[in-house]
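In: when you get a sec, could you give me coordinates for this:
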Amino acid sequence: MATDPDAPLALPEHQPPALRDLAERARGYAEAASLANTRRAYAADWKHFAGWCRREGLEALSPDPQVVGLYITACASGAKSVGGRKNAVSTIERRLSALVWACAQRGFSLDRRNPHVATVLAGIRNSHAAPPRQKEAILPEDLLAMLETCDRSTLRGLRDRAMLLIGFAGGLRRSEIVGLDHGKDDTPESGGWVEVLDGGALINLRGKTGWREVEIARGSSDQTCPIHALTQWLHYAKIDFGPIFVAVSRNGLKATADCLSDKHVARLIKQTVEDAGLRPDLSKAERLALYSGYSLRAGLASSAEVDERYVQKQLGHASTEMTRRYRFRVNLTKAAGL
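Out: Sure, this is the predicted structure:
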């Protein structure tokens with residue numbers, strides 16, 4: 001019988017306490033094998049698949065490759081049984097990865113190389129795949145204009161300045177920004193922590209392939225220094241434990257214990273882009289669609305005039321090919337006189 005991957009490890013009754021303690025530790029290690037965001041996305045994808053199976057009268061707990069092929073076809077075509085909305089190829093590939101993972105947790109395998117799955121997926125890619133949409137990079141001059149829209153006299157303004165500067169200088173993903181704790185092991189779901197040093201800050205981040213360190217040096221002035229912005233926020237918000245970037249009370253006078261979601265970073269960027277008046281040549285809808293949480297990361301990668309390997313290390317890229325997607329700030333065509 002299929003098992004629930006989220007259920008506690010089943011042990012016979014009357015087991016020694018030491019063995020039960022090991023079972024709890026094993027569960028903790030199993031959870032640590034994947035990031036919390038990944039587990040939440042996979043859980044949502046499994047629920048989506050199970051709902052489709054239920055509506056079609058099919059078995060979800062041990063899916064046949066033919067059934068999976070039909071499911072991804074429904075996702076690609078926007079069938080009513082999956083909500084009537086066509087899924088992007090990247091979404092379908094993530095849903096398929098979620099099914100493979102869920103099957104493995106239940107003790108059996110789903111081979112995505114099976115012809116009933118692989119051939120259909122290849123056809124979906126050929127028919128529906130679009131070139132990757134690169135978000136607009138926020139360059140230093142853009143960031144300065146965005147920072148000016150944040151009110152330094154309020155806690156919210158201090159927090160937003162710190163988030164923008166730390167995110168840009170660290171080349172961080174939006175989930176990495178809001179996942180930071182004040183210290184190591186402050187919270188179970190911590191995505192990392194920050195050590196403020198004389199020369200800057202050392203950020204320890206937990207990624208898909210393990211832990212990595214990101215160094216953020218101090219800026220040339222307090223107005224643009226990410227470390228100064230961070231320490232100002234921590235001081236006035238009285239944060240010395242737990243999540244660094246938290247919500248602010250309605251009256252703006254007190255930091256709460258509520259950790260921000262990664263969506264807040266995207267909303268902050270879009271709002272400050274709009275307030276700063278960037279890209280006035282575009283309509284508001286086009287402008288908001290052009291910028292996202294990834295724009296800070298892309299901005300550092302494309303504007304930092306240093307050796308490529310340092311940018312690769314800062315961003316945690318496994319290959320230089322990924323880093324080179326951003327490295328077009330030196331226009332040799334114009335330099336040649338064209």
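
In: and residue 232, how far from residue 153?
Out: When distances are taken as C-beta to C-beta, to the nearest Å, residue 232 and residue 153 turn out to be 12 Å apart. Yep, even glycine has a C-beta here, placed from its N, CA and C like the rest.

In: the more surrounded of the two?
Out: Each of residue 232 and residue 153 had its neighbours counted (other C-beta atoms under 10 Å), and the higher figure belongs to residue 232 (17 against 7).

In: what's the closest non-adjacent residue to that one?
Out: Leaving aside its sequence neighbours, residue 232 sits nearest to residue 158 (C-beta to C-beta, 6 or more residues apart in numbering; 5.5 Å).

In: next secondary structure element downstream of the one helix or strand that neighbour maps to?
Out: Following DSSP states H and E, one finds residue 158 within helix 155-170. Counting by DSSP H and E, the next helix or strand C-terminal to helix 155-170 is helix 174-178.

In: what's the weakest-modelled helix or strand in the protein?
Out: When the helices and strands of the chain are compared on mean pLDDT, DSSP states H and E, helix 332-335 comes out lowest with a mean of 40.

In: any idea how far residue 195 is from residue 202?
Out: When C-beta to C-beta is applied, the distance between residue 195 and residue 202 equals 5 Å.

In: what of residue 71?
Out: Here the criterion is C-beta to C-beta. By it, residue 71 lies 45 Å from residue 202.

In: helix or strand: which one has residue 92?
Out: In the assignment (DSSP H and E), residue 92 maps to helix 89-105.

In: now that helix: mean pLDDT?
Out: For helix 89-105, mean pLDDT is 90.

In: looking at strand pairing, list the partners for the residue nearest to residue 214 when sequence neighbours are not counted.
Out: Beyond its immediate neighbours in the sequence, the residue positioned closest to residue 214 (C-beta to C-beta, 6+ apart) is residue 203, lying 4.3 Å away. Using DSSP bridges, the bridge partners assigned to residue 203 are residue 194, residue 214.

In: surely residue 203 is in contact with residue 212?
Out: No. Shown here, residue 203 and residue 212 do not form a contact pair, counting by C-beta atoms under 8 Å, at 9.1 Å.

In: of these two, who's got more company?
Out: residue 203 (21 against 15).

In: what residues are up against the more buried one?
Out: When contacts are counted by C-beta atoms under 8 Å, 6 or more residues apart in numbering, residue 203 touches 166, 170, 172, 180, 192, 193, 194, 195, 213, 214, 215, 216.

In: next: residue 157.
Out: Residue 157 is in contact with 150, 151, counting by C-beta under 8 Å, 6+ apart.

In: from residue 101, how far out is residue 61?
Out: 14 Å.

In: same thing with residue 238?
Out: Here the criterion is C-beta to C-beta. By it, residue 238 lies 41 Å from residue 101.
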